[in-house]
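Novice: I'll drop the sequence and a predicted model, then ask my questions.
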Amino acid sequence: MRPNVRVAAVTDERRARLRVAVSVVGALLLLAIVAPPASAATCSDYSNQAAAQRAKDTRDGDGDGIYCESLPCPCLKRLFHNARR
Ligand SMILES: [Ca+2]
């Protein structure tokens with residue numbers, strides 16, 4: 001009887017380790033999906049709107065395709081809008 005109890009304990013321990021491993025992998029996958037890309041910049045990384053527009057790596061809050069609208073010119077806003085029309 002003793003060997004069977006020992007085998008059962010080892011199996012439970014392996015299951016517990018497997019659950020932990022699956023949980024860790026799941027958490028890492030969730031982070032990879034939810035986390036913003038590491039290369040994302042902020043508007044403060046650029047000295048003017050044109051530079052931010054060329055890079056296109058900042059967040060465009062209103063989704064109009066024009067990045068960092070509050071930055072000073074030179075600007076590419078006009079060129080961008082003319083190109084879309
Ligand atoms: Ca915008």
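Specialist: Looks like it arrived, so ask away.
Novice: now do the helix ranked longest in the chain: distance to the chain's middle.
Specialist: Longest helix in the chain by number of residues (criterion: DSSP state H): helix 2-34. Offset of helix 2-34 from its chain centre (C-alpha atoms, centre = their mean, to the nearest Å): 27 Å.
Novice: in that helix, which residues are buried?
Specialist: By neighbour count, and taking 16 or more other C-beta atoms under 10 Å as the criterion, helix 2-34 has no buried residues at all. To be clear about C-beta, it is placed using only N, CA and C from the backbone, and glycine gets the same treatment.
Novice: average pLDDT for it, rounded please.
Specialist: Taken as a whole, helix 2-34 has an average pLDDT of 85.
Novice: could you point out which element follows it?
Specialist: helix 49-55 (DSSP states H and E).
Novice: quick one: name the residues of this structure near the ion.
Specialist: 60, 62, 64, 66 (C-beta under 5 Å from the ion).
Novice: if you set the cut-off to 6 Å instead, what comes out?
Specialist: 60, 62, 64, 66, 69 (C-beta under 6 Å from the ion).
Novice: measure the second one to residue 44 for me?
Specialist: Residue 62 sits 18 Å away from residue 44, taking C-beta to C-beta, to the nearest Å as the criterion.
Novice: compare neighbour counts for the two and give me the winner.
Specialist: residue 44 (10 against 7; other C-beta atoms under 10 Å).
Novice: which residues touch the more buried one?
Specialist: Listed by C-beta atoms under 8 Å, 6 or more residues apart in numbering, residue 44 has no contact partners.
Novice: just the pLDDT for the nearest residue to residue 54 once chain neighbours are set aside.
Specialist: The shortest distance from residue 54 to any non-neighbouring residue, by C-beta to C-beta, 6 or more residues apart in numbering, is to residue 76 (7.0 Å). pLDDT recorded at residue 76 is 89.
Novice: thanks a lot, see you next time.
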